[in-house]
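Student: The following block contains a protein sequence and its predicted model.
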There are 2 protein chains.
Amino acid sequence: MYNFSYANPVKIIFGKNTIKEISNEIPKDVSVLVVYGGGSIKKNGVYDQVSKALEQHTWFEFAGIEPNPHYETCMQVVDLIKSKGIGYILAVGGGSVIDAVKFISAATFYEGNATEILTKQVKVNKAMPFGSILTLAATGSEMNNGGVITIAKTQDKLAFSLPVTFPKFSVLDPTTTYTLPAKQTGNGVVDIFVHVAEQYLTYSEEDTLFQDNMSEAILRTLVEEGPKALKDPQSYDARANIMWASTWGLNGWIGCGVAQDWATHMIGHEMTALYGLDHGQTLAIVLPGIMTVLKDQKAKKIIRMGKQVFGITGEADNVIIDKTVKKVELFFEQMGIKTHLSDYGLGGDAATAVADRIDKRGWKLGECQNITGSVVREILEIRL
Amino acid sequence: MYNFSYANPVKIIFGKNTIKEISNEIPKDVSVLVVYGGGSIKKNGVYDQVSKALEQHTWFEFAGIEPNPHYETCMQVVDLIKSKGIGYILAVGGGSVIDAVKFISAATFYEGNATEILTKQVKVNKAMPFGSILTLAATGSEMNNGGVITIAKTQDKLAFSLPVTFPKFSVLDPTTTYTLPAKQTGNGVVDIFVHVAEQYLTYSEEDTLFQDNMSEAILRTLVEEGPKALKDPQSYDARANIMWASTWGLNGWIGCGVAQDWATHMIGHEMTALYGLDHGQTLAIVLPGIMTVLKDQKAKKIIRMGKQVFGITGEADNVIIDKTVKKVELFFEQMGIKTHLSDYGLGGDAATAVADRIDKRGWKLGECQNITGSVVREILEIRL
């Protein structure tokens, strides 16, 4: 196990009818900006619950954070914050909205060009306080300090992480996910699964049995509850188990002391930037490819996954590996997310274009830093 | 899943050679009191590492916190803190030392009779800041805000939990546990196992699959790594996995949203107060008794434990239950901790005496509040 240090100060408020509790979490002596996305919260009752909870507050709102949120949109919100004298932000939505609000909270006080937070990884040390109400189980953004922002002008999708961008609180009411389109539920479950894989399905000489067991606990939950949520979207238990598991998939704890990969996400980000695929869709394509091309390097953990998550027993190691990759692919398909480039009208030219972008950035991805552009091409070409 | 809210601000610093990092965690403008137990830290090098790390600090020390720490000892430390003008406490030891320091940190500012923190559960809202260096994996005290203190005069062993008694940081260096006597390693693993059981092995109509999976992840880790630590006390990996699992067993997260029992601990505390048994020894006696007497109530979870933790398959439910209870008992014995009253020279009169104390307190223990004195007698009589 590697040395690590970690702290996570986010207060979680979990359960039915908990949105009203924001009233006590947000100070009443500052103006609040409620930031949300495309307006689904006006249809599913969440907006009304927020309005009611903020009856005693002075608040404004900004609608229109897009999926894969744009830097340019975030800076519009920063302008609004400055013009209205806002002192607290409330993010209402999924990972895109929460990521955007994290960036906005840091960019508000940053005196240089705020793109530098993304392109130069500048360590901002002051941010506006914010809380979140989560309406989509996927990214874990509700309990970490990281985010991903797309600079629309350059098609760059870039990650940031700052000590000052933890939410003060996050409200997780699983009933807010009842009305999600099936595609969003599926994308979310794939995203959670791959977050865990990035922190678990790695090569390492280290014995991290406890973290492996914890990661498998999340994966097993997804494999059991994911299909239930698709079949019965209003199953509170399925939604609650998935929502809580999603937070754990990326609140940092399962990544403590272990090797980490993140190549699937990095490759996926390029595919979203170039072709507009949903984040979950890119992950569903790439992960089985990485598991296949890097099967020797990751053998020990793929075999563990096969046995512990999918219950594969009594086979030779190489058979378990192949079956496990197939199980992962089938699980993503079962969640309604297609796993091949051709399913999205993409071909070999896309594999080349993505590989070229990785090469251009000079990236060597993965826990062994051996995934160069040419390996990316190989990974994507077996996913045609 | 039940509604819950939770936050845990403790910073964890984990790994080899991390004790030196306390130098940056403890402010240098206040006097520090280093509090420890019986002096084993002077033999295993921990005291020297602490001395070196605090070279730039002004510090004093108090040695002599006993196992099952006494209120009376804690109040001696409070007097010392006041007389020396201490501003920060560093606990160095296992759960007893950390529990004691939590109580001391709250009692220092409490203006009434500090026994009221225990007997009346007074909600103190100010405490002296403190950090900890953990030298025994067991109680989880390093990452929670609770403690258990014994009032020696009345033989009362009582729990408290305050919002202000989280450590600011905890250093977990698994190498500090290399030199533990085998009995302490065994007691520690039993304690962790039972912490998880208290939050997992319950009756509930709720579907808490994710939490169940997480609890099983900890139990599986103990079953695999516990015997390794006994066999090879200097196995870093075994010690590290156990130490990190112990923190998770009682940092509050696996208990979020689930029913909780805690009867094994409550009965065990009475046995320690009356007969001086180690905490782990009492738990090893009581848990198999509770699993037997309450086997119908807890059937669903006992069967899960049998299958998921001990790999029992292909049997009828009642056979799985009986085998699981036996497996738990054998695991405790394998860890070197005896599981019957007679192993400690106790008989039926002890069962009666403990039951009488439960009755006298008017307690109805367990997640269904149905464990009265007479049920306690039944539980202990099958553990003769």
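Tutor: Alright, I've got the coordinates.
Student: where along chain A do the strands fall?
Tutor: Under the criterion DSSP state E, chain A carries strands at the ranges A:4-14, A:31-36, A:59-63, A:86-93, A:130-134, A:146-151, A:156-161, A:169-172.
Student: Out of the ones you listed, which is the most enclosed?
Tutor: For the strands of chain A, the largest average neighbour count (mean count of other C-beta atoms under 10 Å in any protein chain shown) is found in strand A:130-134, namely a mean of 27. All C-beta spots, glycine's among them, are computed from the backbone N, C-alpha and C.
Student: of all the strands of chain A, which has the lowest average per-residue confidence?
Tutor: Ranked by mean pLDDT, the strands of chain A end with strand A:156-161 at the bottom, a mean of 91.
Student: Report the inter-axis angle for that one versus strand A:146-151.
Tutor: 150 degrees (axes from the mean of the first three to the mean of the last three C-alpha atoms, to 10 degrees).
Student: Near chain B, which residues of the stretch 201-350 of chain A are found?
Tutor: A:206-211, A:213-214, A:216-218, A:220-221, A:224-225, A:236-237, A:240-241, A:244-245, A:248, A:256-257 (C-beta under 8 Å from any C-beta of the partner chain).
Student: Weed out the non-buried ones from these.
Tutor: A:207-211, A:213-214, A:216-218, A:220-221, A:225, A:236-237, A:240-241, A:244-245, A:248, A:256-257 (16 or more other C-beta atoms under 10 Å in any protein chain shown).
Student: Which residue ranges of the stretch 101-250 of chain A form helices?
Tutor: A:116-119, A:182-198, A:209-231, A:236-249 (DSSP state H, counting those that start in this stretch).
Student: What is the last one packed up against?
Tutor: For helix A:236-249, the packing partners by 3 or more C-beta pairs under 8 Å, 6 or more residues apart in numbering or on different chains; DSSP states H and E come out as strand A:4-14, strand A:169-172, helix A:182-198, helix A:209-231, helix B:209-231.
Student: pLDDT (mean, whole number) over that helix?
Tutor: Helix A:236-249 shows a mean pLDDT of 97.
Student: try the longest one
Tutor: Mean pLDDT, taken over the full extent of helix A:209-231, equals 98.
Student: now it, how far from the centre of its chain.
Tutor: Distance of helix A:209-231 from the chain centroid (C-alpha atoms, centre = their mean, to the nearest Å) equals 16 Å.
Student: Who are the packing partners of it?
Tutor: Checking 3+ C-beta pairs under 8 Å, 6+ apart, helix A:209-231 ends up next to helix A:182-198, helix A:236-249, helix A:299-308, helix A:317-334, helix B:209-231, helix B:236-249.
Student: Can I get the longest one as CSV, trimmed to CA atoms?
Tutor: The C-alpha trace of helix B:209-231 is given here as CSV (Å, rounded to 0.1, in the frame of the first residue of the first chain):
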residue,chain,number,x,y,z
LEU,B,209,-27.1,-3.5,-0.4
PHE,B,210,-24.3,-1.0,-0.9
GLN,B,211,-23.6,-0.7,2.9
ASP,B,212,-23.8,-4.5,3.2
ASN,B,213,-21.2,-4.9,0.4
MET,B,214,-19.0,-2.4,2.1
SER,B,215,-19.3,-4.1,5.5
GLU,B,216,-18.5,-7.4,3.9
ALA,B,217,-15.4,-5.8,2.3
ILE,B,218,-14.0,-5.0,5.7
LEU,B,219,-14.9,-8.4,7.2
ARG,B,220,-13.3,-10.3,4.3
THR,B,221,-10.2,-8.2,4.7
LEU,B,222,-10.0,-9.2,8.4
VAL,B,223,-10.5,-12.9,7.8
GLU,B,224,-7.7,-12.9,5.2
GLU,B,225,-5.2,-10.5,6.8
GLY,B,226,-5.8,-11.1,10.5
PRO,B,227,-4.1,-14.6,10.6
LYS,B,228,-1.3,-13.2,8.4
ALA,B,229,-0.5,-10.5,11.0
LEU,B,230,-0.4,-13.1,13.8
LYS,B,231,1.9,-15.4,11.8
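Student: check contacts around the nearest residue to residue A:11 once chain neighbours are set aside.
Tutor: Once flanking residues are discounted, residue A:11 sits nearest to residue B:7: 3.8 Å by C-beta to C-beta, 6 or more residues apart in numbering or on different chains. Contacts for residue B:7 (C-beta atoms under 8 Å, 6 or more residues apart in numbering or on different chains) come out as A:9-12.
Student: export the helices of the stretch 101-250 of chain A to JSON lines and tack on distance to residue B:129?
Tutor: As requested, those are arranged in JSON lines below (distance: least, C-beta to C-beta, whole Å):
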{"stretch": "helix A:116-119", "distance to residue B:129": "32"}
{"stretch": "helix A:182-198", "distance to residue B:129": "34"}
{"stretch": "helix A:209-231", "distance to residue B:129": "29"}
{"stretch": "helix A:236-249", "distance to residue B:129": "28"}
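Student: show me the contacts for residue A:329.
Tutor: Per C-beta under 8 Å, 6+ apart, neighbours of residue A:329: A:288, A:339.
Student: Mind doing that once more with 10 Å?
Tutor: Each residue near residue A:329 by C-beta atoms under 10 Å, 6 or more residues apart in numbering or on different chains is listed here: A:284-285, A:287-289, A:291-292, A:339-340, A:383.
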